[in-house]
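*Asks:* One predicted model, sequence on top.
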Amino acid sequence: MEKTTCGEPEALVEYLYGEIDADTRTRLDTHLVSCAECRETLDGLRGTRAELAAWSVPERPLGFALAGADTGRPGARPWWSSGALAAAAVILLAVAAAIANLEITYGSDGVTLRTGWSRTPEGQTAAPRATSVPAGAPAREATPVSAGAAPWRADLGELERRLRTEFRSAAAPSSARAASPGPDAARLLQQVQDLIEQSELRQRRELALRMAQVVRDFDTQRQTDLVRIQQGIGQIEGNTAADRQLLNYLVRASQRQ
C-alpha cells in the first residue's frame with residue numbers, strides 16, 4: 001500500500017474531500033495508521049483547507065464615494081436656453097440680410113462687393129460705368145441683359161471669358177515646349193548614357209580583376225598542395241626503404257644462424 005499511496009498527494013486530496021469509494025478509503029485508513037509521513041501530509045492539507053475556508057476578501061477604503069446625479073435641482077438650466085438662443089437668432093438674421101442683397105461689380109478700379117448695408121437707396125439710379133478694355137484684348141461680345149437682371153452679371157461673364165482666354169494663351173507655349181524636347185534634353189540624355197557606359201566599363205574591369213585574383217589564388221593553392229603531396233610521398237618512400245633494409249638485415253641474420 002505504501003508503494004501506491006506514499007508520494008501521491010492526489011490520493012490524499014481525494015481522501016480529504018471524500019471523492020473515493022469505501023474500499024479505497026478503508027485501505028487508506030489502514031495505511032495512515034502505519035505511515036507517519038502520510039498522516040503529516042494529510043494534517044497539512046486539512047490545515048490549508050481550514051485557512052482557505054476562514055479567509056475572506058479584506059475591505060479597503062476606495063478613497064472616493066459614488067453619488068447619483070441630482071436631476072431634481074430646480075435651478076439647473078442649460079446655458080443655451082435663453083440668452084444664447086436669442087443672440088444666435090439675431091446673428092443669423094443679420095447674416096441673411098447681408099447675403100440676400102449681395103452685389104458684385106467689376107470695373108477699371110477692380111471688383112467691388114456690396115452687401116445689403118452698403119446699397120444705394122431705391123430712388124437713386126447708378127450711372128452706367130464704362131469699362132476700359134486693353135488694345136490687345138479681343139473685342140467683347142454684346143451680352144443681352146434683361147431689364148430685371150443685375151448689371152454686374154454681364155461684367156462678371158466678361159471677366160470669366162477674359163480669364164479663360166489668358167489661361168489658354170499662357171498654357172499653349174508651355175505645352176509646345178514640353179512636346180518638343182530641346183537641345184538641353186538631348187545633351188542630358190547623352191550624359192546619362194555616358195555615365196551608364198562608364199559604370200558598365202568599371203564593373204567589367206572589377207570583374208576581370210576579381211577573376212584574375214581567384215585564378216592566381218587557385219594556382220598558388222594547387223602548387224602548395226602538390227609540394228605537400230610530393231613531400232609526403234618522399235617520406236613514405238624513405239620509410240619503405242628503411243623498412244626493406246631492416247627486413248633484409250633480419251633475413252641475412254637468420255640465415256647465418
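*Replies:* Thanks, I have the structure now.

*Asks:* Could you list every helix and strand in contact with the stretch of helix or strand Leu207 belongs to?
*Replies:* Under the criterion of DSSP states H and E, Leu207 resides in helix 183-256. Using 3 or more C-beta pairs under 8 Å, 6 or more residues apart in numbering; DSSP states H and E, no helix or strand is in contact with helix 183-256. The way it works is simple: take the backbone N, C-alpha and C, and place the C-beta from them, glycine included.

*Asks:* What mean pLDDT does that helix get?
*Replies:* Helix 183-256 shows a mean pLDDT of 88.

*Asks:* How many neighbouring residues does Asp155 have?
*Replies:* 19 (other C-beta atoms under 10 Å).

*Asks:* Which pLDDT does the model give it?
*Replies:* Asp155 carries a pLDDT value of 76.

*Asks:* Assumed it was part of a helix.
*Replies:* Yes. Using DSSP: H, G, I helix; E, B strand; the rest coil, the assignment for Asp155 is a helix.

*Asks:* gap between it and Arg161?
*Replies:* According to C-beta to C-beta, to the nearest Å, Asp155 and Arg161 sit 11 Å apart.

*Asks:* Likewise for Val227?
*Replies:* In this view, Val227 and Arg161 are 97 Å apart by C-beta to C-beta.

*Asks:* Likewise for Arg39?
*Replies:* Per C-beta to C-beta, Arg39 is found 112 Å from Arg161.

*Asks:* Then Val215?
*Replies:* With the distance defined as C-beta to C-beta, Val215 ends up 79 Å from Arg161.

*Asks:* more neighbours, these two?
*Replies:* Arg161 (14 against 10).

*Asks:* Now name the helix or strand holding the more buried one.
*Replies:* Using DSSP H and E, Arg161 sits within helix 152-179.

*Asks:* And Glu19, by the same measure?
*Replies:* Using DSSP H and E, no helix or strand contains Glu19.

*Asks:* Could you report the pLDDT at it?
*Replies:* For Glu19, the pLDDT comes out at 80.
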